[in-house]
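Colleague: build the 3D model from these lines:
(2 chains)
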Protein chains: 2
Amino acid sequence: MQALRAEFPVLERLAYLNAGTNGPVPRRAVDAAGAALEEQALGGRGGGAFFERVVGAGGRLRARVAGVMGCEPAELALTGSTTDGVNAALAALDLREGDEALTSDEEHPGLLAPLAAARERRGIRVRVAPFGELAEAVGPHTRLVACSHVSWVTGRVVDAAGLAAGPARVLLDGAQGLGAVPVDVAELACDFYAASGQKWLCGPNGIGYLFVRRDLAGQLPSPWPSYMSLAAPERALELELLPDARRFDTAAPAAQQLAWALAALDVLEAAPGLDAVQARAAEGAERLAGELAERGATVAPRGRSTLVSWEHPDSAALVERLREHGVVVRNLPGTPYVRASVGGWTSDEELDRLLALAG
Amino acid sequence: MQALRAEFPVLERLAYLNAGTNGPVPRRAVDAAGAALEEQALGGRGGGAFFERVVGAGGRLRARVAGVMGCEPAELALTGSTTDGVNAALAALDLREGDEALTSDEEHPGLLAPLAAARERRGIRVRVAPFGELAEAVGPHTRLVACSHVSWVTGRVVDAAGLAAGPARVLLDGAQGLGAVPVDVAELACDFYAASGQKWLCGPNGIGYLFVRRDLAGQLPSPWPSYMSLAAPERALELELLPDARRFDTAAPAAQQLAWALAALDVLEAAPGLDAVQARAAEGAERLAGELAERGATVAPRGRSTLVSWEHPDSAALVERLREHGVVVRNLPGTPYVRASVGGWTSDEELDRLLALAG
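Modeller: So this is what the prediction gives:
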């Protein structure tokens, strides 16, 4: 774990407990992105070789993240953000007037805004149920359940098996899932899994991922078509789409962005591996939640995740005070909560510092 | 002009005549992006101060590019690419079954694919007319004209006044316009102008711009809603949108991307200014076209732009041969053309090298 911590310069200065917003940045990622910048400045950005290098890096990233999610590369789209993935899934689905989308009371605006827009434009109904009761709330008109895999508010984990047992399509917002906890989209049995690259995978802002189940990936229309979605760009008006999730790509990330994302995966997947990083994070979060509760804090009900939220009468002030002492957490506006994000890179000493100041 | 050339390391090695794909990368942009990377690694990416720095840089970029386009910042959306802008405009417009979109025979797949998708999903008709006859081709059912400002194939400039005189909405693809030639969206009288940042503005891949005329920007729905489109994210389901073109933002660019884009504008707008850079580019392109024709080449009909395309029986082979001699141009698959992109940074000597090898 000391080796992992040494990869992140920010940890030399701060107890950085905010990967749920943006992960810590590995030194190796900065170096890799810097080398990619230099290469573009010296060699230019033209010609087949440059294009092939960038497309190749995109393909490697797709394959590696597919590995993390337990899907095929052909089921994974490159997006700009979790919200991109949510928008893409909603745009591709044939939801019509009167169809119901079910969501929860612990969702991020990045999921809710696309749902609300589909309500305004397409006449779907959006129903909100408590996060913990979603599976039971699925009704006869529910065509889609769109909700978090791991709640960004409380760190609770959704009842994916319960959702999968129902007749509705399932779109999971994996912003606090991918990289943070083990994700196996086959086991989750979801149709779509939209996630971020900049949080628990420690990648750059501006790269996200969307899993699209194989049968849907080859059949649904391209929600945001581009040169890169086409099997035959020279006959673009014929709209012959790529036969897999690449038709869902909403972005073609730049070389420096890809270099960062790949280097960050190298760091997280180095021995002892991502599973070990995730197990350590879950243990740290469990300890933090337990000790906060022991000290009398009201900790939000949570699952096996990397987020710990607890109530505070002036959450913004506490966040500020912690920041002054070099401990970075966040509050959640509109809720009573302060939220700490515990990574596999987080030390016991950092958690003790947080407890001493917050408890 | 020597001072401008000195900003671009690639010009020390190559006659880089491919800004129509991706512009040359300024040394200052690499330095600025590198500093932004370092800052994120050392300081983390959490907290209000980080967020405000990134949002502030985005606002500065929006304002500066609005200045280049002759619009208000409130009329300019930040996107990931020209294609993003085209998709966003089409998604926001209320085009329905039977409505006609008119386009030209010199369009990029990044414009055609979204049009074709609207045909498949929404039942609009897509009609293709010759680029030079678009204004006359507008018919009684034409609701939208979607075409290039400057043709990526030939470098011709569209009859914007003719289009504006008609009753249809006008969406211009400015991929070969913005930064290359003077752009004044008021004079062009278009409703939308979608453009790239990585070509003639020498910015990073992954940042584009979409002008949305003020009355439309405040009225049309958000085509790809996110946290950043909302006036009240804490009540996301109410979908209270920002009252200007920010509701069209399809991306929130990362700090390193913004730093690059802003530094590249510093380079292009330094004395004697972007107008002078553009005038010099137009003159260089004019000279190249003239001398190619004098040597017997069939040069594509062109306007006052930065692109010069000429026929060659084996365009791919010529591109390869030029590359071997350090001259970077491209061919245009599906056409007989080789295309050179002439920048304000291009020297007479570079054009002479191209002419000696190609003529």
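
Colleague: contacts for the longest helix seen in chain A, please.
Modeller: Using DSSP state H to define each element, chain A has its longest helix at helix A:47-69. The set of residues that contact helix A:47-69 without belonging to it, under CB atoms under 8 Å, 6 or more residues apart in numbering or on different chains, is A:43-44, A:72-73, A:75-76, A:78, A:178-179, A:183-185, A:193, A:195, A:197, A:201, A:207, A:209, A:211, A:252-255, A:258-259, A:261-262, A:265, A:269, A:274, B:18, B:22, B:205, B:323, B:328, B:330. From N, CA and C alone the C-beta is placed, and that goes for glycine too.

Colleague: could you pull out the helices for chain A?
Modeller: Counting by DSSP H, chain A has helices at residues A:2-5, A:27-43, A:47-69, A:82-92, A:109-122, A:134-137, A:160-165, A:185-188, A:214-217, A:255-269, A:274-294, A:315-324, A:348-358.

Colleague: just give me the neighbour total for the nearest residue to A:P182 once chain neighbours are set aside.
Modeller: Beyond its immediate neighbours in the sequence, the residue positioned closest to A:P182 (CB to CB, 6 or more residues apart in numbering or on different chains) is A:Q278, lying 6.0 Å away. A count of neighbours around A:Q278, defined by other CB atoms under 10 Å in any protein chain shown, yields 22.

Colleague: against chain B, how distant is A:Q278?
Modeller: For A:Q278, the distance to chain B equals 20 Å [CB to the nearest CB, to the nearest Å].

Colleague: can you list the buried residues in stretch A:211-230?
Modeller: If you call a residue buried by 16 or more other CB atoms under 10 Å in any protein chain shown, then stretch A:211-230 has these buried ones: A:211-213, A:216-218, A:220-230.

Colleague: so where's the stretch 1-150 of chain A shaky on pLDDT?
Modeller: Nowhere does the stretch 1-150 of chain A drop to pLDDT under 70.

Colleague: my guess is A:R339 contacts A:R330. True?
Modeller: Yes. At 5.6 Å, A:R339 and A:R330 qualify as touching, with contact defined as CB atoms under 8 Å.

Colleague: quick one on the thing from earlier: PyMOL command to pick out the buried ones of the contacts of helix A:47-69?
Modeller: The command below creates a PyMOL selection of those among the contacts of helix A:47-69 that count as buried (16+ other CB under 10 Å):
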select buried, (chain A and resi 43+44+72+73+75+76+78+178+179+183+185+193+195+197+201+207+209+211+252+253+254+255+258+259+261+262+265+274) or (chain B and resi 18+22+205+323+328+330)
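
Colleague: residues in the stretch 251-359 of chain A within reach of chain B, list them.
Modeller: Residues of the stretch 251-359 of chain A found near chain B, taking CB under 8 Å from any CB of the partner chain as the criterion, are A:251-257, A:260, A:323, A:328, A:330, A:333-334.

Colleague: re the thing from before, spell out which residues are contacts of both of A:R339 and A:R330.
Modeller: Residues touching both A:R339 and A:R330 by CB under 8 Å, 6+ apart: A:G20.

Colleague: before we move on, the earlier item: need the max-distance pair from the residues of the stretch 251-359 of chain A next to chain B.
Modeller: Between all members of these, the longest pairwise span (CB to CB) is found for A:A255 and A:G334 and amounts to 38.8 Å.

Colleague: test my guess that A:A164 contacts A:L188.
Modeller: Yes. A contact is recorded between A:A164 and A:L188 when judged using CB under 8 Å, the distance being 7.3 Å.

Colleague: of the two, who's got more company?
Modeller: Neighbours per residue, other CB under 10 Å: of A:A164 and A:L188, the larger number sits with A:L188, 22 against 16.

Colleague: contacting residues for that one?
Modeller: Taking CB under 8 Å, 6+ apart as the test, what A:L188 contacts is A:149, A:160, A:164, A:172.

Colleague: which ones are touching the last one?
Modeller: This points to A:L172. With contact taken as CB under 8 Å, 6+ apart, A:L172 is in contact with A:147-149, A:158, A:160, A:188, A:190, A:192-194.

Colleague: then the third one?
Modeller: With contact set as CB under 8 Å, 6+ apart, A:A164 has these partners: A:170, A:188-190.

Colleague: switch the cut-off to 7 Å
Modeller: Contacts here follow CB atoms under 7 Å, 6 or more residues apart in numbering or on different chains; on that basis A:A164 touches A:170, A:189.

Colleague: and it, how far is that from A:E136?
Modeller: Distance of A:A164 to A:E136, given as CB to CB, to the nearest Å: 14 Å.

Colleague: check the last one too.
Modeller: For A:L172, the distance to A:E136 equals 18 Å [CB to CB].

Colleague: before we move on, what about the first one?
Modeller: Here A:H149 is placed at a distance of 18 Å from A:E136 (CB to CB).

Colleague: of these two, who's got more company?
Modeller: Taking neighbours as other CB under 10 Å, A:H149 and A:E136 compare with A:H149 leading, 24 against 12.

Colleague: chain neighbours aside, what residue packs nearest to that one?
Modeller: A:G177 is the one closest to A:H149 (CB to CB, 6+ apart), at 3.7 Å.

Colleague: what about that neighbour, neighbour count?
Modeller: Here the neighbour count serves as a burial measure; for A:G177 (other CB under 10 Å) it reads 27.

Colleague: kindly report the same for A:E187.
Modeller: 12.

Colleague: then A:D244?
Modeller: Should you count by other CB under 10 Å, A:D244 turns out to have 17 residues around it.

Colleague: go on, A:D275?
Modeller: Quick note: A:D275 (other CB under 10 Å) scores 11 neighbours.

Colleague: now do the strands in the stretch 101-250 of chain A.
Modeller: With DSSP state E, counting those that start in this stretch as the definition, the stretch 101-250 of chain A shows strands at residue ranges A:125-129, A:142-148, A:169-173, A:192-196, A:208-212.

Colleague: how about the first one: buried residues?
Modeller: Okay, so that is strand A:125-129. The neighbour-count criterion (16+ other CB under 10 Å) identifies A:125-126, A:128-129 as the buried residues of strand A:125-129.

Colleague: hang on, the earlier thing: now the helices of chain A as TSV including distance to B:H108?
Modeller: Written out in TSV, the entries for those read as follows (distance: least, CB to CB, whole Å):
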stretch	distance to B:H108
helix A:2-5	45
helix A:27-43	22
helix A:47-69	15
helix A:82-92	22
helix A:109-122	27
helix A:134-137	43
helix A:160-165	41
helix A:185-188	34
helix A:214-217	25
helix A:255-269	21
helix A:274-294	40
helix A:315-324	47
helix A:348-358	51
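
Colleague: looking at those helices, which is nearest to B:A6?
Modeller: Evaluated over the helices of chain A, closeness to B:A6 peaks at helix A:27-43, with 12.8 Å, by CB to CB.

Colleague: any bit of the closest one sitting next to chain B?
Modeller: Yes. In this structure, helix A:27-43 sits against chain B according to CB under 7 Å from any CB of the partner chain; the contacting residues are A:27, A:30, A:33-34, A:37-38, A:40-43.

Colleague: and those, which are buried?
Modeller: Of all the residues of helix A:27-43 next to chain B considered here, the ones buried according to neighbour count by 16+ other CB under 10 Å are A:27, A:30, A:33-34, A:37-38, A:40-41, A:43.

Colleague: between those residues, which sits nearest B:L239?
Modeller: Of all these, the one sitting nearest B:L239 is A:A33; the distance, using CB to CB, is 35.7 Å.
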